[in-house]
Structures are given as structure tokens and as C-alpha cells.
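A.B. asks: Sharing a sequence plus its predicted fold:
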Amino acid sequence: MLINFCGKRQQFHLTNGQLSYIMEVTDQGYLLQIHYGAPIGDFMRQRVYPKMTRSSFSPNPYDLSGQGFSLDTVLQEFPGYDTGDYRESTFEITYADGTKATKMTYVSHEIFSGKKKLEGLPATYATEVEARTLEITMEDKIRGIQAILSYTIYAQLPVMTRSVRYVNISGERVVLNKAFSASIDFNHNRFDCIQMPGTWAREKQLRRAPLSNGIQVLDSKRGASGSSLQPFMALVEPETTEFAGEVRAFHFIYSGNFAIKIETEIFEQTRVMVGINDFNFQWNLETGSTFQTPEVVMVYSEKGLNGMSQTFHQLYRNHLARGEHQHQERPVLTNNWETTYLSFTEEKLLELARGAKKLGVELFVLDDGWFGERHTDKTSLGDWFENRDKLPNGLKSLAKEVIHLGMQFGLWFEPEMISEESDLFKQHPDWHIHVPGYPSSLGRNQLILDYSRHEVREAIYEMMVRILDEVPVTYIKWDMNRNMTEVASVGRAPEAQMETSHRYILGLYEILEKLTTRYPHILFENCSGGGGRFDPGMCYYMSQSWTSDNTDAIERLKIQYANSMIFPPVMICAQLSEIPNHQTGRKIDLNTRCAISMSANFGVMLNLSKETPEDLAEISKSISWYKENRKLIQFGDFYRLRNPFETNVGSWMFVDPLKEKAILIYTQMQYQASNPLDRLKLIGLESDVVYLIDKQEMTGAELMNFGLYINHDMFGDYQTKVIEIISSKLVY
């Protein structure tokens, strides 16, 4: 059934044999949280919370005065505001009288098969046989405000998703000051918190630390999900490891300002809340109107962090990504950026394309600089028409030349930005996000177009359509290289200005929906100065993301390792680049650079005219090997074996679903004299199958329970081994 409501006990039980989520409605209509964790077949208890003799400073609801029940101490499902619970609230609403006290109680519920689409927002999806959904209507009948709590549980995955739809039935306008998507209480605080802080070129750096009393906030105020923190958090038991122990993970499907709040209090309870950041946020909710919050993905694992990741990978490959490219192998590409930057000619580009084709590259991507008067990064964003000085024959001619070579043609855009030195700015100097009469901050010499305005979105859309209808483009790299400041929208009423950042994201999603629908054959790659907006909201529209501008293999070892916590390899893009590396100056062996970049969607960003014939031959060999194995790498099961944030080694495996073939990648960062031997136990194989490694036979049980002595012959820094593991029945 997946979702059961027991009328006698007034309990909701969501379970699929991999998790249980239990809520209870009290006689007064309060919705309480009972259990989220390991599956329970049939929960028999009722009125789980005993009467508590606690301080009078934890007040009792009026209808339960003196009965030992306080909203300040019980575990709640949808905590209200200013009605006796002094912890963080799920929402905050200002009414016409200027007050905010709100307490919602249960009214009704509905259970149905499948999952509804969220209007204007990305979300996971499921058929009627793949999931069931529970909608609980809560209401403050005095205030005239409803909240529809949505819970979807997947049949085959330990996954729930949650969102809230706020409804104003009061007869007058109210103001939402905070509208979170999910809240959940736990009866203890014995958790470690895993998060992913970062910055440009050093995205998603894993951190794990115990919770302490107070409120911890993981958030972005940048107008984008941002590289400073991913909209992700996992609570794990202190003893949880990569392959064992409980994990409860939260991921927010949204690309703008977000907040994850974790509050622990003196009674050693923990509250987790996920939603749109209340910084710079207000929403005028007119009478009869609704506000839909984005979706929170909740993953439960009893098999440690790898179990969590396997679930995220399956969910996002099959229930978030969409379109023609969802299950297609991704092409090997080359990009001209680090070879030419903004200074190129048509002949330079074709020379690079011809060299790439000889190596086996399948897609040529023209990066920044092909439009307007784009000779420096101070000009021309917003002028999406060809620069005929650089491309005298035009984009269409260049694309046809590339296609004639036997490759596809791709193009870079940064459609959300405008330069002050541009025709578009001269024509529409008020089209960017800014406070009139107040100086605007610049980021990368550019301003942000106001996508909360329909006319702005339509103008950019029409410019892009003119290019894409004419030029045979099969790939777009969609970039976004600065964050919001001085957030305001010209023409919007003063009381509605704090809606701007969310309306911007809704506008972005609208234009992405239109473009991906109109051009289903185009493979869209998400980029924001690297991983600055690599989040599940963007993954709904774009099948893959540029993970970091940092292409240094050792830095990427960590960045890609952390990304694998939540995103499958087929959503992660990596490229083989120059040495000395343009971000770190480090010189790393070609074998290691290839191995790390081939652990995702592989590309080449090299000035091929400067490479030696020997290196070119090695790169060509690597591309051929990658093509033979990319289905396994992009769509196989991914396992992490060594954590480069904690050790001197990073290691992972790709295993095909039939467990007949696997690829092991092992990278040693710094070498030390008298290096300790590392016996590496593998994972994900069949115990009774005989596998071949370099013609030597070993059983799966031997490889997983005894392992391989792997670093005994690795001498020097930045060394990598790539080991193929093949079932003997495929060979003999």
C-alpha cells in the first residue's frame, strides 16, 4: 500500500520495506512526528507521547491546559509561529492586524497513486505504480490560512519527497515572511552533520562534525544555490561509515536562496527545516491565492553513505533527469576556452577542431567570445548575435565545417547577464536587477538581467531562438558568472520587492522549460563559474553540469568525490586540461589527469598544437578506452573506496548492473618514503564469480573480503592506477 492511515489510532504510516515514516493526529488535531527511520511492519502503539512534567515556561495550548502537553517539547510535523513553541517555525505570516500568531491543525487528507507536478518548479516525477502521495490539509480556522502538506514515497527506493502549498482563504491579503518546504523533529541530538561548503574552484568540500546546542544554518543569500554551500545536508549516527550505519539526507530541489536549519535544544531534541531562505523574501498572498514551495528530497540509508549515494544516483537518473539525453551516452567534447580564451579566429577554431577529431573527439564547443563586440569580459553580454570580425562566415558556416569533419557543434551562452557596454544595455538600461538611484555592485564586470520580468525573458529567448533555429547546434553550455546584489525590480510595487529573487528563479525555470521543450535534441550543460549552481533544480532541465573551473586532477579528485555523494557520474563533467594547470600551476602526470577526468563525462581542453606526438597518441588511446567503457562509467553503480579528504588516497569503482565488469581507479596524492602498503577491499561484485585482473583469477569474495595490495609499486606524487576487473565468463 505504501501509505496507510489507521483511523482508530489516527496514524499515518508511509513505508516501502526500506523506511518507515509515521505521524499521529491528536484529539485536538495537532500533527506529531513519531518515527522516521528503519522500516516497521505494523506500528501498534497509540498516543506515543506520555504526559510530561516540565517547566511552566513551556506553555500548554488553551484546550490542553494542565494536561502535561506543550508544543514547546513534543515532536511536531508542521510547527507554527508564536503559539507556545519557541523553536524555529516552518512558516511566518503577517496578517492585516500586524500580528503573526498561527497554529495549524489537521483538517483532512487524501492518498493517491503517482505524484503531481509542481506548478512552475522542477521536482522528481513518478508513475502511478512507482510512488504514492499523501496530502494532508492543515488549517488555522481563526486566521483562514491552510497548508497542504505533500508527501510522496517511492515504491522501490528509500526516498520520500515533501513540499507545502500555502492557501489564503481568509478574505484579505496576508504576507508570507517564511515558507519552508519541510520540517522534521528527532527525539535526540546524537548526530553528526555532513555538509558541503566551498567556493569558486574549490566546490563541495566535505565536512563532518557533531551537532551542538543551538541553531546551525546552512544557507545561500546569493540569489543562486551557490558554491559556498550545496542545498544538501545529512544527519548520520556517530558510528556511521561509508558502508554501514544510518543516514538521513536532505536535498532541496531549488536553484535560488535556500536555508537548512538544524536546531538542537536543552531536551536533546533536534529539528531540521528545509526551504527557501527567508533572507530577502516576502510573498504577498492575496485572498484565494496559493504559494507552492519547492520540493525536498529525503533519503534514508541503513547502508552508510554509499547506500545514500546509490539511492540519490538512481533517483536522479530515473526520476529527475528528463528528455532525449537522459539515458544516452554522453559525447567526448573539446572546448576552446583554455586554448584561446576570447582571442580566436575561425581558422584557429577549425585547426583545433581538426586536431581534436584526429584524437577521436565527438563534439566541438565554441566557448565565450563569439557574439557582439566581445573582445574583453567587460562587453557585449546580452548582445546574442554573431561577431563577424572573428567569424566572417558566421556561426552556421563554422558549424557546418565542424560537422563536415564528423563532429557535433556546441555553443556557449550566458543568457542571464548583461554588460553595461552592450547594445542591449543602451536600449534598456533598466532591465537589470538594481535599486534605482543606488549604486550597483559589479561582478565579473557584469550585471544580472531581471528574469522576474516577462519582457526581459522574452527578449533573451527570442535572441537565442534566432541563433538556434539557424545554426545546427546539438549542445549548449549555459553559464552564470555572478550572484545577486541590490535586489529590486523596476516597476514592481514597493510591498512586492522582496518577491524578486524567487520570481527570478521562477522566470529562469520558465525559459529553461521553453528552450528544452523547443530543442529536445540539444544537450544542455549547466555551468556557473564551475559548480556555483550545480543543484538538483538545474539538473531537472540540464542533463549534466560543469563541476568546477578547477581542472587540476588532484583538486578534482576531491571535488568529484564529494559530488558523487549526491550526483551520479553521468551528471558530472570533467575535462583533461593543460599543465601547468591554469588554476593551481601544478604539473601532474598525463595518466592521472586522464583517469580523473574520465571518471565522469569526459572532455578535452588542451592547446593541441603544443602537445608532443607521444602525448597526443596517449590521449587518443585514452579516448578510445573511454568510449569502450563510458556506458559503465556514466550509468554503472558507483562506489567510493578511499576518502581523499581524510587520507592520502582517493579511490572509487564503477560496477556494471550485471556485475560482470568493473573499473577501479586508485590515486595516490603525495608519496612518502617507506610508504605503508594499502590493502584495498573492493565492493559491489558477486562473491562466487571468478574475475580476471591482468590475467590473474580471483573470486569476488576474495576481492571484497581480502582485497588487493595496490600501492606497492606506485612511486612518486600524483600517481594513478586504472584496473579493469572482468568476469572470466566474458573472456573464456
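C.D. replies: Cool, got the structure. Keep in mind the model is a prediction, meaning the values are calculated, not measured. Residues are numbered from 1 along each chain as shown.
A.B. asks: Just give me how far stretch 307-315 sits from the chain centre.
C.D. replies: Put simply, stretch 307-315 sits 13 Å off its chain's centre (Cα atoms, centre = their mean, to the nearest Å).
A.B. asks: do the same with stretch 388-401
C.D. replies: Distance, stretch centre to chain centre, for stretch 388-401: 36 Å (Cα atoms, centre = their mean).
A.B. asks: got the CA coordinates for that stretch in PDB?
C.D. replies: Provided in PDB are the C-alpha atoms of stretch 388-401 (Å, rounded to 0.1, in the frame of the first residue of the first chain):
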ATOM      1  CA  ARG A 388      31.600  38.800 -37.900                       C
ATOM      2  CA  ASP A 389      35.100  40.200 -37.200                       C
ATOM      3  CA  LYS A 390      36.000  36.900 -35.600                       C
ATOM      4  CA  LEU A 391      33.700  34.700 -37.600                       C
ATOM      5  CA  PRO A 392      33.400  36.400 -41.100                       C
ATOM      6  CA  ASN A 393      31.400  33.400 -42.500                       C
ATOM      7  CA  GLY A 394      29.200  33.200 -39.500                       C
ATOM      8  CA  LEU A 395      28.300  30.600 -36.900                       C
ATOM      9  CA  LYS A 396      26.300  28.500 -39.400                       C
ATOM     10  CA  SER A 397      29.300  28.100 -41.700                       C
ATOM     11  CA  LEU A 398      31.600  27.300 -38.800                       C
ATOM     12  CA  ALA A 399      29.100  24.700 -37.500                       C
ATOM     13  CA  LYS A 400      28.900  23.100 -40.900                       C
ATOM     14  CA  GLU A 401      32.700  22.900 -41.200                       C
END
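A.B. asks: Buried by neighbour count: which residues of it qualify?
C.D. replies: Across stretch 388-401, burial judged by 16 or more other Cβ atoms under 10 Å covers 390-391, 395-396, 398-399, 401. C-beta: built from backbone N, CA, C; applies to glycine.
A.B. asks: do stretch 290-302 as well
C.D. replies: Using 16+ other Cβ under 10 Å as the test for burial, stretch 290-302 gives 291-302.
A.B. asks: Tell me how many other residues crowd Ile215.
C.D. replies: Counted with other Cβ atoms under 10 Å, the neighbours of Ile215 add up to 13.
A.B. asks: State the phi and psi torsions of it.
C.D. replies: Main-chain torsions, Ile215, degrees, to the nearest 10: phi -110, psi 130.
A.B. asks: Could you double-check that it lies in contact with Glu263?
C.D. replies: Yes - assessed by Cβ atoms under 8 Å, Ile215 is found in contact with Glu263 at 4.7 Å.
A.B. asks: Common neighbours of those two, please.
C.D. replies: Contact criterion Cβ atoms under 8 Å, 6 or more residues apart in numbering; residues shared by Ile215 and Glu263: Glu88.
A.B. asks: Could you spell out which stretches of this protein belong to which domain?
C.D. replies: Domain ranges of the chain: 3-319, 333-490+520-629, 649-731, per automatic domain parsing.
A.B. asks: Compare those domains and give me the one nearest Gln326.
C.D. replies: Smallest distance to Gln326 across the domains of the chain (Cβ to Cβ): 6.5 Å, for domain 333-490+520-629.
A.B. asks: Distance from that closest one to the middle of the chain?
C.D. replies: The mean C-alpha position of domain 333-490+520-629 is separated from the chain mean by 19 Å, Cα atoms, centre = their mean.
A.B. asks: measure it end to end?
C.D. replies: Length of domain 333-490+520-629, first residue to last, Cα to Cα, to the nearest Å: 16 Å.
A.B. asks: Go through the helix of greatest length in the chain and flag the buried ones.
C.D. replies: Longest helix of the chain, by residue count under DSSP state H: helix 613-635. Within helix 613-635, the residues that count as buried by 16+ other Cβ under 10 Å are 619, 622-623, 626, 629-630, 632-635.
A.B. asks: Am I right that Leu31 is in contact with Phe78?
C.D. replies: Yes - contact criterion Cβ under 8 Å: Leu31 and Phe78 qualify, at 5.7 Å.
A.B. asks: so what sits against both of those two?
C.D. replies: Contact criterion Cβ under 8 Å, 6+ apart; residues shared by Leu31 and Phe78: 138, 149.
A.B. asks: Which of those two has more residues huddled nearby?
C.D. replies: Neighbours per residue, other Cβ under 10 Å: of Leu31 and Phe78, the larger number sits with Phe78, 25 against 20.
A.B. asks: Which helix or strand contains Met233?
C.D. replies: Element membership for Met233, per DSSP states H and E: strand 232-236.
A.B. asks: Same question for Leu506.
C.D. replies: Per DSSP H and E: helix 500-518 holds Leu506.
A.B. asks: Please apply the same query to Thr152.
C.D. replies: Element membership of Thr152, judged by DSSP H and E, is strand 145-154.
A.B. asks: quick one: strands adjacent to that strand?
C.D. replies: Paired with strand 145-154 in the same sheet, following DSSP bridges, are strand 131-140 (antiparallel), strand 159-168 (antiparallel).
A.B. asks: could you dump these to CSV with mean pLDDT and mean neighbour count?
C.D. replies: Below are those laid out as CSV (pLDDT from 0 to 100; neighbours: other Cβ atoms under 10 Å):
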stretch, mean pLDDT, mean neighbour count
strand 131-140, 98, 21
strand 159-168, 98, 22
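A.B. asks: Need those in CSV (columns: distance to Asn189).
C.D. replies: Shown next, in CSV, are the strands paired with strand 145-154 (distance: least, Cβ to Cβ, whole Å):
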stretch, distance to Asn189
strand 131-140, 26
strand 159-168, 22
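A.B. asks: Those strands: which one's closest to Glu486?
C.D. replies: Glu486 lies closest to strand 159-168 among those, at 28.1 Å (Cβ to Cβ).
A.B. asks: Could you look up the next helix or strand downstream of the closest one?
C.D. replies: Using DSSP H and E, the first helix or strand after strand 159-168 is strand 174-186.
A.B. asks: can you map out the helices along the stretch 251-400 of the chain?
C.D. replies: Taking DSSP state H, counting those that start in this stretch as the criterion, the stretch 251-400 of the chain contains helices spanning 304-319, 337-340, 346-359, 394-404.
A.B. asks: Please identify the deepest-packed of these.
C.D. replies: Of the helices of the stretch 251-400 of the chain, the one with the most neighbours on average (mean count of other Cβ atoms under 10 Å) is helix 304-319, at a mean of 22.
A.B. asks: follow-up on the earlier one: would you tell me which of the helices of the stretch 251-400 of the chain gets closest to Ser564?
C.D. replies: With Cβ to Cβ as the criterion, Ser564 lies closest to helix 304-319 of these, at 6.2 Å.
A.B. asks: average pLDDT across that closest one?
C.D. replies: Helix 304-319 carries an average pLDDT of 98.
A.B. asks: If you count contacts, what does it end up packed against?
C.D. replies: Helix 304-319 is packed against strand 232-236, strand 247-253, strand 295-301, strand 637-642, with contacts defined by 3 or more Cβ pairs under 8 Å, 6 or more residues apart in numbering; DSSP states H and E.
A.B. asks: Export the domains of the chain to JSON lines and append columns for distance to His502.
C.D. replies: Formatted as JSON lines, these follow (distance: least, Cβ to Cβ, whole Å):
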{"stretch": "domain 3-319", "distance to His502": "6"}
{"stretch": "domain 333-490+520-629", "distance to His502": "8"}
{"stretch": "domain 649-731", "distance to His502": "37"}
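A.B. asks: Quick one: closest of those to Ile511.
C.D. replies: Between Ile511 and the domains of the chain, the tightest spacing by Cβ to Cβ is seen for domain 333-490+520-629, at 5.1 Å.
A.B. asks: picking that back up, show me what counts as buried in the strand holding Thr152.
C.D. replies: Applying 16+ other Cβ under 10 Å to strand 145-154 flags 145-154 as buried.
A.B. asks: quick one: it to chain centroid distance?
C.D. replies: Offset of strand 145-154 from its chain centre (Cα atoms, centre = their mean): 22 Å.
A.B. asks: Relative to the whole chain's centre, how far out is stretch 6-23?
C.D. replies: Between the centre of stretch 6-23 and the centre of its host chain there is 29 Å, according to Cα atoms, centre = their mean.
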